[in-house]
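*Asks:* Here is a sequence together with a model predicted from it:
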Amino acid sequence: MIDVDQIVRPHPPFTIKTQSGASIETNNIVLATGLPILDRTGHFACCKVLVSYCLAFDINQHEIERSKDKKKILENMFINLHEDSEGTLSLRIAKDANGDPLVVVASQGHEQGDPPLGCISKQYQAAEDLARKYIPYLGNIRYKWSAEDFKAADGIPYIGHVLRGSQGLYVATAFHKWGLAMGAGAAGVLADLIEGREDNPLAKTFDARRWDLSASLVDIVKAQAHVGKHFIGDRIKEQFNVPDIEELKPGCGGVCHIFKHQPATSPIIPEDSLSEPDKAPRVVGGYRCNDGSLYAVDLTCTHLGCHVNWNDGDRSWDCPCHGSRFAPGGEVIHGPATKPLTRYHPETGIELGPAPSSPERVKGESIGSL
Ligand SMILES: Cc1cc2nc3c(=O)[nH]c(=O)nc-3n(C[C@H](O)[C@H](O)[C@H](O)COP(=O)(O)OP(=O)(O)OC[C@H]3O[C@@H](n4cnc5c(N)ncnc54)[C@H](O)[C@@H]3O)c2cc1C
Ligand code: FES
């Protein structure tokens, strides 16, 4: 769960403030939050955001019993088991809370924002279709989710001091989907640096300060080209064919219009009546819960101001620039953003302030990733 709100002092001893109100003093901090939550490290500018889709299926016992590879399937994991123009397919067996096996399939990975976020349910469908085409022993889908990882412009993870001259502040990021294996190596490098042993040969290779020195400008510009595209392009797209928030169906979200009304102030008019709406509509992110109630949020990502897009597969607001994700009601579910989206009253259009820190579970409904 996202909790660190900010790191107050730039030099040790640092004070970490959490969203739950606690403070922690420490001489050393390792930023291992995916992309660092501190913007001044600059790493967001030289990383690509990679998204993968996972589906967990029950096992079709009848089919697996028929397979001569049953033991091999149940005891191993398979990376890029299938790879062609339809996508790649990786799988492993996991266990549910009762110890029953599930087949976890990952497929249809892409860079964040490409394909457009409005089409994410199609990515899940493509992943399911591919899995069912090549894996005969899949039962019902029990869970589905998407995950993000990051790739440095030069492909090498960033591990070590965050900036030139910084003391006590370290980073480990951009593992390019190999962080489970690389995490142990990163821990070794970081432990040596924290203990003052600067002679670890890997420290130079992974030096997290190299982005301002040796990573080619071309790589960084390429990695960030999509940021400019989304920063401007998404704002232009939002001006066209935008429905009124009232048109949203239950369980659906998207970019919508709300019209700003002024609540009536006259004592002789009932308090809950509203004035005529302003002519200019406000463009917001709308979501209608299964019980019919509405959320309206500001589309401006609280990280660096790109506009978030609706992810119809996971029911979340995702930022195409550096991968921050927010629940339908605006709460942070994935950094680098640490602040929630601003909420509006869905009927009056009046600004209500930031969404709460933790995702709400509204009336039995799953909010965020399903
Ligand atoms: C489908 C798929 C398959 C993969 N397969 C492999 C594999 O076979 N082998 C392999 O080595 N790697 C694999 N990986 C990659 C691996 O999972 C990632 O590289 C690794 O998890 C990245 O680790 P991380 O610590 O950088 O980020 P994460 O694992 O994302 O951890 C970041 C943590 O920081 C927390 N956080 C964020 N913001 C805050 C905040 N403000 N306050 C407090 N906490 C915060 C988050 O909650 C999270 O727990 C795979 C990845 C995917 C998506
Ligand atoms: S994640 Fe950086 S602007 Fe949204």
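*Replies:* Structure's in. What do you need? Note that this is a predicted model, so its numbers are computed, not measured. Ligands and ions are numbered 1, 2, ... in the order given.

*Asks:* Residue of the stretch 201-350 of the chain nearest ligand 1, please.
*Replies:* At 3.7 Å from ligand 1, Gly335 is the closest residue in the stretch 201-350 of the chain, using C-beta to the nearest ligand atom. All C-beta spots, glycine's among them, are computed from the backbone N, C-alpha and C.

*Asks:* Any chance you could list what contacts the helix or strand containing Trp317?
*Replies:* If you go by DSSP states H and E, Trp317 is part of strand 316-318. Contacts of strand 316-318 with the rest of the structure, by C-beta atoms under 8 Å, 6 or more residues apart in numbering, involve 112, 117, 253, 285, 297, 299, 308-311, 324-328, 330, 333, 341, 368-369.

*Asks:* Can you get me a residue count around Gly196?
*Replies:* Per other C-beta atoms under 10 Å, the neighbour tally for Gly196 reads 6.

*Asks:* Repeat that for Leu35.
*Replies:* Leu35 is flanked by 26 other residues according to other C-beta under 10 Å.

*Asks:* again, but for Val255
*Replies:* Neighbour count for Val255, taken as other C-beta under 10 Å: 23.

*Asks:* give me every residue that touches Thr41.
*Replies:* Contacts of Thr41 (C-beta under 8 Å, 6+ apart): 31, 162-163, 171, 208.

*Asks:* again, 10 Å this time
*Replies:* Contact analysis of Thr41 by C-beta atoms under 10 Å, 6 or more residues apart in numbering lists 31, 35, 158, 161-163, 166, 169, 171, 173, 208-209, 211, 336.

*Asks:* where exactly do the strands run in the stretch 201-350 of the chain?
*Replies:* Using DSSP state E, counting those that start in this stretch, the strands found in the stretch 201-350 of the chain span residues 253-259, 281-288, 294-297, 309-311, 316-318, 325-326, 332-334, 342-344.

*Asks:* Near ligand 1, which residues of the stretch 101-250 of the chain are found?
*Replies:* Residues of the stretch 101-250 of the chain lying near ligand 1 by C-beta under 6 Å from any ligand atom: 106, 147, 149, 173, 175, 177-181.

*Asks:* Can you list the low-confidence ranges for this structure?
*Replies:* 1-2, 115-118, 211-240, 260-279, 357-370 (pLDDT under 70).

*Asks:* what residues does it put near ligand 2?
*Replies:* Proximity of the chain to ligand 2, by C-beta under 6 Å from any ligand atom, involves residues 301, 303-306, 319, 321-324, 336-337.

*Asks:* returning to that earlier point: state the phi and psi torsions of the residue of the stretch 201-350 of the chain closest to ligand 1.
*Replies:* For Gly335, the backbone dihedrals (degrees, to the nearest 10) come out as phi -70, psi -170.

*Asks:* and it, how many neighbours does it have?
*Replies:* There are 21 residues near Gly335, going by other C-beta under 10 Å.

*Asks:* Touching, it and Cys301? I think so.
*Replies:* No - counting by C-beta atoms under 10 Å, Gly335 does not reach Cys301; the two are 11.1 Å apart.

*Asks:* Where is the longest strand in this structure?
*Replies:* For the chain, the longest strand by residue count, based on DSSP state E, is strand 138-152.

*Asks:* I'd like to know which elements that one is packed against.
*Replies:* In this structure, strand 138-152 packs against strand 47-59, helix 61-66, strand 101-111, helix 120-134, strand 169-173, helix 217-237, strand 316-318, strand 332-334, with contacts taken as 3 or more C-beta pairs under 10 Å, 6 or more residues apart in numbering; DSSP states H and E.

*Asks:* Of all the residues in that strand, which ones are buried?
*Replies:* Across strand 138-152, burial judged by 16 or more other C-beta atoms under 10 Å covers 138, 141, 144, 146, 148-152.

*Asks:* could I get those residues as a markdown table with distance to Pro281?
*Replies:* Output for the buried residues of strand 138-152, formatted as a markdown table (distance: C-beta to C-beta, whole Å):
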| residue | distance to Pro281 |
| --- | --- |
| Leu138 | 45 |
| Ile141 | 38 |
| Lys144 | 34 |
| Ser146 | 31 |
| Glu148 | 32 |
| Asp149 | 38 |
| Phe150 | 36 |
| Lys151 | 39 |
| Ala152 | 41 |
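
*Asks:* what's the closest of these to ligand 1?
*Replies:* Asp149 (4.5 Å).

*Asks:* follow-up on the earlier one: farthest pair within the residues of the stretch 101-250 of the chain next to ligand 1?
*Replies:* Within these, Ala106 and Thr173 form the most distant pair, 20.4 Å apart (C-beta to C-beta).

*Asks:* Just want to know which of the two has more residues nearby.
*Replies:* Neighbour count, other C-beta under 10 Å: between Ala106 and Thr173, Thr173 has more, with 25 against 21.

*Asks:* contacting residues around the nearest residue to that one once chain neighbours are set aside?
*Replies:* Distances taken as C-beta to C-beta, 6 or more residues apart in numbering place Tyr158 nearest to Thr173, at 5.2 Å, with adjacent residues excluded. Neighbour list for Tyr158: 31, 35-36, 41, 43, 46-47, 150, 152, 170-175, 186, 206-211, 215 [criterion: C-beta under 10 Å, 6+ apart].

*Asks:* Let's see that with 8 Å instead.
*Replies:* 43, 152, 171-174, 206-208, 210-211.

*Asks:* Give me the buried positions along the host helix or strand of Val189.
*Replies:* Val189 belongs to helix 179-194 when assigned by DSSP H and E. For helix 179-194, burial by neighbour count (16+ other C-beta under 10 Å) applies to 179, 182, 185-186, 189-190, 192-193.
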